[in-house]
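Chemist: Following is a predicted model, sequence given first.
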Amino acid sequence: MGFLRSSSSYSSALKWLGFVTAVWVQSISGNNYTFSNYSSALKSLMNLNQLQLNNLSVAKDVGKAFGILAGLASDRLSTPVILLIGCFEGLLGYGVQWLVVSRTITPLPYWQMCVFLCMGGNSTTWMNTAVLVTCIRNFRRNRGPVSGILKGYVGLSTAIFTDLCTALFSNDPASFLVLLAVVPFAVCLTAVFFLREIPPASSADEESEETRYFAVFNIVAVVVAVYLQSYDIIGVKTGVFAVAFASILLFLLFSPIAVPFHAFIKSLNRGEQDVEGQIQEPLLSSEIAEEKEVIAVEAAAAAVEEENLVGERKRPVLGEDHTIMEAMLTVDFWVLFVSFLCGVGTGLAVMNNMGQIGLALGYTDVSIFVSMTSIWGFFGRILSGTLSEHFLKYMPSSTRSNKESQLIFSPDPASLERTIRKEAHSILTEHNNSVSLDSAQPPSTQTPVPSTYSRTALWTDNTNLPTTDTLHPTSIDIPSQTSIDTEPRAMVAPLILVRDNNGDLQDHEGHLRNAARQRIDAQ
């Protein structure tokens, strides 16, 4: 049991450590937006006109268009492999550009430079895909904050690179390209060892804990953004002040490492309290434990088999996980694709030509404009993720329940059954494993659940099973009433809920699904 407790603590800490490394990867993966910092050097060394320089920036952006390859690979390759592809491709692409700008080699032919810029641009798509896909799978209940934080750090990465290079290397283009080649390579190699897929939160306490930790990440990100903005406004970028700025910035970027340590210590303390509390409880007999293990395995096998059969008949609906090919068969995917294609291009055109715009206006150093564009892009990204999650969670059900309404009131019971089976199977497996491996309450300690609703307690004699309640489906305490509550007589199926170790009621046997199906059939 002690091994299982320590394993659970290690898993929780590893999930947050992986998210911290994901933040670091995103902090250095926005190098596609830094072209203005060294475009003038390329233009003078290669004797390019403005049209040729623009075509080089287009080649860089075309590399991002090949990000579809990273998306396809994410369904077949592991996260470390995707990260390694991205870091080696970036090392080669930006490394060759550094060799040219530093005059280590003679300028390459124009078409070859286009190829290497394309490789540099494509490298970030592999990093972003590995990080986003893995973290969203690890934090399924907090997808909005996850995407907002990670994409926000992508926006900040341009300012981080620009200000660090300005502080340490006086904004030298060759030194800047060294940073673009080496730093992402080193950070991705670090992330390879820690970024893994970990089972997501399965209880309300874990979800609440995730929300608090994400608030910490948001605060740190905002502090970093304000700090970078202050540095740009002050304008003192040499001497001891510049070194102090770089040191404090690196400290802020490393500070989120405290989150996994806190999660690990908290999990250990919780595990010790659980062990102390169970010393006084009788252990399960081997026969009951074996019987419950068999029941859990059979239930899990049946759920998986039925899930596979249903999956063969129906594609996933909006709100479920899609593979890249399943997503490409939906209208929603192509609406988003066209929106990005038309909307993002204008911003990229301005950012790629920021250097020439600044020179035309009489500014010899445009790094402050590049940095400020990055910082305010960060605020837009992080607010979009946070606000969207807020509206999804706290808006009334009539306006926020896109997924819920499609599942509960969908005319297709197969999709409804498959989705609920997934969640019920996950909860059932974890619950039965914990009950069979730890200890259960004796029959004398089982009491009916107090409530203001009418319900009948079902007692189990000499079975040591968890307490169960029989509820009418309409007596469930839901924060926002929906149309499923307005006609209780149409819902005639009984609902048996099982109380888990955390005191929460779980619908293990899918009775709520059956009740919802009866409601649909009645309509």
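Modeler: Nice, I can see it. Numbers count the residues shown, from 1 in each chain.
Chemist: Quickly list the domain ranges of the chain.
Modeler: 2-274+365-391, 402-522 (automatic domain parsing).
Chemist: Compare the mean pLDDT across those and name the weakest.
Modeler: The minimum mean pLDDT among the domains of the chain belongs to domain 402-522 (a mean of 48).
Chemist: wait, doesn't residue 368 sit right on residue 231?
Modeler: No: counting by CB atoms under 8 Å, residue 368 sits too far from residue 231 to count as a contact (9.5 Å). Yep, even glycine has a C-beta here, placed from its N, CA and C like the rest.
Chemist: Put the alpha carbons of stretch 206-220 into CSV.
Modeler: Output of stretch 206-220 as CSV, limited to C-alpha atoms (Å, rounded to 0.1, in the frame of the first residue of the first chain):
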residue,chain,number,x,y,z
GLU,A,206,-7.9,17.2,-7.7
GLU,A,207,-9.7,19.5,-10.1
SER,A,208,-9.9,22.2,-7.5
GLU,A,209,-6.1,21.7,-6.8
GLU,A,210,-5.4,22.0,-10.6
THR,A,211,-7.4,25.3,-10.7
ARG,A,212,-5.3,26.8,-7.9
TYR,A,213,-2.0,25.7,-9.5
PHE,A,214,-3.1,27.2,-12.9
ALA,A,215,-3.8,30.4,-11.1
VAL,A,216,-0.2,30.4,-9.9
PHE,A,217,1.1,29.9,-13.4
ASN,A,218,-1.1,32.7,-14.6
ILE,A,219,0.3,35.1,-12.0
VAL,A,220,3.9,34.2,-12.8
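Chemist: Residues contacting it, please?
Modeler: Contact with stretch 206-220 is made by 16, 19, 23, 139, 141-142, 145-146, 148-149, 201, 252, 255-256, 259, 263, 382, 386, as judged by CB atoms under 8 Å, 6 or more residues apart in numbering.
Chemist: for that stretch, which positions count as buried?
Modeler: Burial within stretch 206-220, assessed by neighbour count using 16 or more other CB atoms under 10 Å, is assigned to 209-210, 213-214, 217-218, 220.
Chemist: now, which of the residues you listed lie within helices?
Modeler: Using DSSP state H, the subset of these located in helices is 209-210, 213-214, 217-218, 220.
Chemist: quick one: which of residue 368 and residue 231 has more around it?
Modeler: residue 231 (23 against 19; other CB atoms under 10 Å).
Chemist: and the more buried one, how far is that from residue 186?
Modeler: Computed with CB to CB, to the nearest Å, the distance linking residue 231 and residue 186 is 24 Å.
Chemist: Quick one: the strands in this structure, in order.
Modeler: 455-458, 468-471, 495-499, 505-506 (DSSP state E).
Chemist: where's residue 239 relative to residue 88, distance?
Modeler: Distance, residue 239 to residue 88, using CB to CB: 37 Å.
Chemist: what's the answer for residue 33, then?
Modeler: 21 Å.
Chemist: With neighbour numbers in mind, choose between the two.
Modeler: residue 33 (25 against 16).
Chemist: so what's the nearest residue to the more buried one once chain neighbours are set aside up against?
Modeler: Of all residues not flanking residue 33 in the chain, residue 158 sits nearest, at 4.4 Å (CB to CB, 6 or more residues apart in numbering). Residues in contact with residue 158 (CB under 8 Å, 6+ apart) are 30-31, 33-34, 370-371, 373-374.
Chemist: Give me the phi and psi angles of residue 171.
Modeler: phi 60, psi 40 (degrees, to the nearest 10).
Chemist: Count the residues that sit near it.
Modeler: Residues near residue 171, counting by other CB under 10 Å: 18.
Chemist: Pull up the gap between the residue lying closest to it once chain neighbours are set aside and residue 166, please.
Modeler: Counting by CB to CB, 6+ apart, residue 367 is the residue found nearest to residue 171 once chain neighbours are left out, at 5.5 Å. Separation of residue 367 from residue 166 (CB to CB): 5 Å.
Chemist: And for residue 100?
Modeler: From residue 100 to residue 166 the distance is 22 Å (CB to CB).
Chemist: So which of those two has more stuff around it?
Modeler: Counted by other CB under 10 Å, residue 100 and residue 166 do not tie: residue 166 has more neighbours, with 24 against 21.
Chemist: my read: residue 163 touches residue 230, true?
Modeler: No: counting by CB under 8 Å, residue 163 stays clear of residue 230, with 10.5 Å between them.
Chemist: Starting from residue 180, give me the distance back to residue 95.
Modeler: For residue 95, the distance to residue 180 - CB to CB - is 9 Å.
Chemist: out of these two, which sits in the more crowded spot?
Modeler: The neighbour count for residue 95 versus residue 180, taken as other CB under 10 Å, is higher for residue 180 (27 against 18).
Chemist: pretty sure the more buried one is touching residue 31, no?
Modeler: Yes: using CB under 8 Å, residue 180 is in contact with residue 31, at 4.7 Å.
Chemist: Give the residues shared as contacts by those two.
Modeler: 90, 94, 120, 161.
Chemist: Phi, psi for residue 170 please.
Modeler: phi 50, psi 40.
Chemist: For it, which non-adjacent residue is closest in space?
Modeler: Nearest residue to residue 170, sequence neighbours excluded (CB to CB, 6+ apart): residue 238, at 7.3 Å.
Chemist: Count the residues that sit near the one you found.
Modeler: Neighbour tally, residue 238, other CB under 10 Å: 10.
Chemist: With residue 350 instead?
Modeler: Residues lying near residue 350 (other CB under 10 Å) number 11.
Chemist: roughly how far apart are it and residue 39?
Modeler: From residue 350 to residue 39 the distance is 13 Å (CB to CB).
Chemist: swap in residue 139?
Modeler: 38 Å.
Chemist: For residue 79, list the residues it contacts.
Modeler: So residue 79 contacts 130, 133-134, 195-197 (CB under 8 Å, 6+ apart).
Chemist: ok, and the most crowded of the residues you listed?
Modeler: Neighbour max across those (other CB under 10 Å) = residue 130, 30 neighbours.
Chemist: Leaving out chain neighbours, which residue sits closest to it?
Modeler: Per CB to CB, 6+ apart, closest to residue 130 is residue 82, 4.0 Å.
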